[in-house]
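Novice: give the three-dimensional model of this entry:
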Amino acid sequence: MVVYLRLATASVKSRMEYRASFAILIFTLISFYTAQILTIGIVIYRFKKIGGWNIGEMAFLYSLMVLSQGLVSSVFSGLVDFGSQVRDGSFDRTMIRPLSPIGQVIMNGFEIAGIAHIFLGIASFIFANSLLNINWTFSNIIAFLFVVLGGSGILAGIRIGIAAVAFWAVNNSSLVHLFVYSSREFLLYPLNIYSTGVRFLLTFIVPLGFINFYPAHFFLGKSPENVFHPYFIYGTLPVGIFTYFVSLWFWKLGQNAYESAGG
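Specialist: Residues are numbered from 1 along each chain as shown. Now for the predicted structure:
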């Protein structure tokens with residue numbers, strides 16, 4: 001564990017050496033999320049509600065997504081460009097070290113800028129709670145932490161799974177953009193505004209709906225009529241654990257099939 005922490009620390013230090021690049025990254029993140037928030041705000045201002053969800057409920061959805069995203073962006077960013085390590089053969093050096101290969105890939109890519117997501121998530125959460133009447137009992141607080149943890153497990157599992165595809169396909173960049181980045185746009189809005197096919201996809205195939213849409217029903221006391229099954233509102237942590245460990249199994253499968261770029 002100490003070795004992995006040193007790898008993460010070294011990764012952070014290397015990024016902080018280039019202050020201008022780091023500042024540009026933070027500015028880009030702030031600009032991106034500001035644009036997202038403004039877009040949602042304009043839609044709500046125009047229609048008052050989106051799929052029956054008011055501005056406070058939308059902010060709560062957003063906070064769940066961004067908090068989970070913040071944890072994953074900090075720890076699992078190294079997996080995003082893993083395909084390039086397979087293509088240029090640099091993963092070979094990772095394989096010969098007496099450490100977990102995936103642990104090295106993850107810690108070498110530790111991204112301190114991901115913390116910006118967490119701050120934004122906290123701000124969204126505070127804003128949502130100022131508009132909502134959620135009863136934050138001790139059990140609800142624990143449930144909320146489990147939901148964020150489960151949501152992080154889902155997002156991390158997706159990153160690991162897509163990264164593992166590079167063991168066979170080598171170039172997985174299109175999948176990274178589709179499943180790691182573009183698919184998150186669906187989470188900006190409640191799933192009930194989408195078609196049944198899309199909701200099925202985001203529930204049973206790529207379970208992003210468990211990150212914010214389903215658990216939000218539990219905290220907000222919303223009717224589960226728009227979910228496939230009432231019990232799904234409690235499913236974030238189990239789905240997160242399942243997704244994460246299945247993706248690790250898939251990674252191991254790919255690692256065993258890996259052949260060096262040099263033959």
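
Novice: and residue 215, how many neighbours?
Specialist: 27 (other CB atoms under 10 Å). In this view, the C-beta of every residue, glycine as well, is placed from N, C-alpha and C.

Novice: mind listing what's buried in the strand or helix carrying residue 164?
Specialist: Assessed by DSSP states H and E, residue 164 sits inside helix 138-169. Of the residues in helix 138-169, 143-144, 146-167 count as buried by neighbour count, 16 or more other CB atoms under 10 Å.

Novice: now whichever strand or helix holds residue 31: average pLDDT?
Specialist: Under the criterion of DSSP H and E, residue 31 resides in helix 19-47. For helix 19-47, mean pLDDT is 71.

Novice: over to stretch 90-107?
Specialist: pLDDT averaged over stretch 90-107 gives 82.

Novice: that one: how far from the chain's middle?
Specialist: How far stretch 90-107 lies from its chain's middle: 23 Å, per CA atoms, centre = their mean, to the nearest Å.

Novice: buried residues in that stretch?
Specialist: So stretch 90-107, judged by 16+ other CB under 10 Å, has buried residues 91, 94, 101-102, 104-107.

Novice: which other helices and strands contact the helix holding residue 164?
Specialist: helix 55-75, helix 82-88, helix 173-175, helix 213-220, helix 236-257 (3 or more CB pairs under 8 Å, 6 or more residues apart in numbering; DSSP states H and E).

Novice: and it, how far from the chain's centre?
Specialist: That offset, for helix 138-169, works out to 6 Å (CA atoms, centre = their mean).

Novice: got the angle for that helix vs helix 236-257?
Specialist: 20 degrees (axes from the mean of the first three to the mean of the last three CA atoms, to 10 degrees).

Novice: what's in contact with stretch 185-194?
Specialist: In this structure, residues lying in contact with stretch 185-194 by CB atoms under 8 Å, 6 or more residues apart in numbering are 36, 39-40, 50-53, 57-58, 61-62, 65, 198-199, 202-203, 208-209, 211-213, 216, 226.

Novice: make it 10 Å
Specialist: Residues from elsewhere that reach stretch 185-194 (CB atoms under 10 Å, 6 or more residues apart in numbering): 36-37, 39-40, 43, 49-53, 57-58, 61-62, 64-66, 68-69, 151, 198-203, 206, 208-209, 211-214, 216-217, 222, 225-228.

Novice: wasn't residue 119 part of a strand?
Specialist: No - read with DSSP: H, G, I helix; E, B strand; the rest coil, residue 119 is helix and lies in no strand.

Novice: roughly how far does the closest residue to it other than its chain neighbours sit from residue 83?
Specialist: The shortest distance from residue 119 to any non-neighbouring residue, by CB to CB, 6 or more residues apart in numbering, is to residue 70 (7.9 Å). Spatial separation of residue 70 from residue 83 under the definition CB to CB, to the nearest Å is 24 Å.

Novice: ditto for residue 94
Specialist: Distance of residue 94 to residue 83, given as CB to CB: 14 Å.

Novice: ok, now residue 74?
Specialist: For residue 74, the distance to residue 83 - CB to CB - is 21 Å.

Novice: so for these two, which sits in the more crowded spot?
Specialist: residue 83 (23 against 20).

Novice: now do the contacts for the more buried one.
Specialist: 91, 162-163, 165-167, 169-176 are the contacts of residue 83 under CB under 10 Å, 6+ apart.

Novice: how does it look with 7 Å?
Specialist: Taking CB atoms under 7 Å, 6 or more residues apart in numbering as the criterion, residue 83 is in contact with 166, 170-173.

Novice: now those as a markdown table including distance to residue 256 and pLDDT?
Specialist: A markdown table is the format used below for the contacts of residue 83 (distance: CB to CB, whole Å; pLDDT from 0 to 100):
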| residue | distance to residue 256 | pLDDT |
| --- | --- | --- |
| 166 | 14 | 89 |
| 170 | 16 | 72 |
| 171 | 20 | 78 |
| 172 | 18 | 80 |
| 173 | 23 | 79 |
